[in-house]
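>>> coords please:
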Amino acid sequence: MLDTLTNEVPEHDTKPIYDYDLVVLGSGPAGQRAAIQAAKLGKHVAIIEKRTVVGGVCINTGTIPSKTLREAALHLSGYLHRNVYGSAYSVKQDITMSDLMVRTDHVIRTEIDVTHHQLRRNGIEVLSASASFSGPHSIQLDFADGRGQREISTDKVVIAVGTECTRAPDIPFDGTTIFTSDDVLNLEEIPRSLAIIGAGVIGLEYATIFATLGVRVTLIDKRPNLLDFVDGEITDALAYLMRQRRVALRLGEGVESVRRCDNENGARVRIDLESGKQIFTQKTLYSIGRTGATGDLNLESAGLSTDDRGRVTVDANYRTEVDNIYAAGDVIGFPSLASTSMEQGRLASCHAFGEASSSFAELFPYGIYTIPEISVVGANEEELTSQGVPYEVGKAFYREIARGQIIGDHTGMLKILFHIETREVLGVSILGEGASELIHIGQAVMAHKGTIDYFVDTVFNYPTLAECYKTAAFDGLNRLE
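Purely as a prediction, here's the structure:
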């Protein structure tokens, strides 16, 4: 009888035992959602965050701070009330960075606390450490509190480390005179003049925020147009409004050099353009994109590689070239928005653990928090024209809507694109106050293949900005006739 005994383990027990079912690298929007989704599926999950606080760039230096600064600038400058009370109206004279940071610091602290609570409530272990791969299933941790190092093993990994500001090696960054968007919160005073190199989403947002505060802004970009993924009419309107606030747009201009040239009046920056132009300014914000924060992850040990911007390539399910490793959020590139990153993290976890999921990926809305803000969903006119799709346009302007008059926004507009034959809504673009909220009405109708007639037949509260949808629908149908 004893001769029949062996040390062989039954086949169904040969699966390796790991410390965790899922390890998420990064606690920003993508990492949070990936971790929480896996925890709700009953998985043992850990988040590795190299900062001493959770939330990543989104909460600490990026999305939340910049949007809160925007709201503080709008309020203190009185911008939204100038159409009623005059162009000189403001809530506070001589606005300082301290005035702006009171509100910003409060929101950041609250968001960090909320995030901690959500992760703790879902049983997710948060480890403050720098992480690097030692294999596809193993990660080396270097703890931030001096507890030394430790190696952990995991079945699945989601890389959600986000990005860091791209820094050209020939530019003398000092964090105060020549700086990146990560340094904005450390400014001691609002500059009299500011040059912004890079007219992407971040550059445009800060350009309009500082212009609203009365700063003389110069915006420089090599591209001839603003935001090529946004409807051209919308970006043209934004450019016009920026020029009205004395923003100098230097589009189609390359930068040859940036250097400090202090004088008796204090710090100054000289920017030489490839065209021969020279720009002198008190401070300069360098905003030429962002680079994936993957440099210290030792991805080669896991069998991974990145592109020249440190970004990780994924498939439609957010899986990398290594089967058990996924990536989501800014680290995989465009559109690099907090909203899309959250959904990518959720979908990555679902696929990793075989959970069925679906999403309207083609209907992700884009919110750009310039002043005024922009939000779009679906196709724009340029895309439909290049695809040969027969479409018509319906427009509404805030100045035609009672709510627009009440809030003092006379420049806002909403446009709907719809198919001439089927009348299906193909895209919505909005410029104006509340655009990022209003866009969801169009998004919902498009998700259900709704037609322009829906907006004609439905009843909206009065007075609201949502009435723009009905006005735009009538305008579009009148064009058909």
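>>> Ramachandran angles for the residue nearest to G175 when sequence neighbours are not counted?
Excluding its sequence neighbours, the residue lying closest to G175 (CB to CB, 6 or more residues apart in numbering) is D183, at 4.8 Å. Glycine gets a C-beta too; all of them are placed from N, C-alpha and C. The phi/psi pair for D183 (degrees, to the nearest 10) reads phi -100, psi -10.
>>> And D183, how close does it get to T370?
Noted for D183: a distance of 20 Å to T370, by CB to CB, to the nearest Å.
>>> Same check on D323?
For D323 relative to T370 (CB to CB), the value is 41 Å.
>>> and if you look at E467?
In terms of CB to CB, E467 sits 23 Å off from T370.
>>> higher neighbour count, these two?
Neighbours of E467 and T370, each counted by other CB atoms under 10 Å, are more numerous for T370; the result is 25 against 21.
>>> Was I right to think that one contacts I202?
No - T370 sits out of contact with I202 when judged by CB atoms under 8 Å, with a separation of 10.4 Å.
>>> before we move on, back to that, burial count for the residue nearest to G175?
Residues near D183, counting by other CB under 10 Å, number 17.
>>> That one and T176 touch, don't they?
Yes - D183 is within contact range of T176, at 7.3 Å (criterion: CB under 8 Å).
>>> element containing G345, please.
Under the criterion of DSSP states H and E, G345 resides in helix 338-352.
>>> Please pull up the helix or strand immediately following that helix.
On the C-terminal side of helix 338-352, the nearest following helix or strand under DSSP H and E is strand 366-368.
>>> Out of the helices and strands in this protein, which is least certain?
Using mean pLDDT, DSSP states H and E, the weakest-scoring helix or strand in the chain turns out to be helix 82-85, at a mean of 73.
>>> hey, where'd the helices end up in the stretch 101-250 of the chain?
With DSSP state H, counting those that start in this stretch, the ranges of helices along the stretch 101-250 of the chain come out as 201-212, 232-244.
>>> could you say what helices and strands the last one packs with?
Here helix 232-244 touches helix 201-212, strand 248-251, strand 374-378, helix 381-387, strand 413-419, strand 425-431, going by 3 or more CB pairs under 8 Å, 6 or more residues apart in numbering; DSSP states H and E.
>>> Tell me which of the ones you listed sits nearest to Q443.
For the helices and strands packed on helix 232-244, the distance to Q443 is smallest for strand 374-378, at 4.7 Å, taking CB to CB.
>>> residues making contact with that closest one?
Applying CB atoms under 8 Å, 6 or more residues apart in numbering, the contact partners of strand 374-378 are 227, 229-231, 234, 238, 362-368, 417, 425-431, 435-436, 438-439, 442-443, 446.
>>> Show me which of those are buried.
With neighbours counted by 16 or more other CB atoms under 10 Å, the contacts of strand 374-378 contain buried members at 227, 230-231, 234, 238, 364-368, 417, 425-431, 435-436, 438-439, 442-443, 446.
>>> List the residues that contact E392.
L417, F418, I420, G476, R479, L480.
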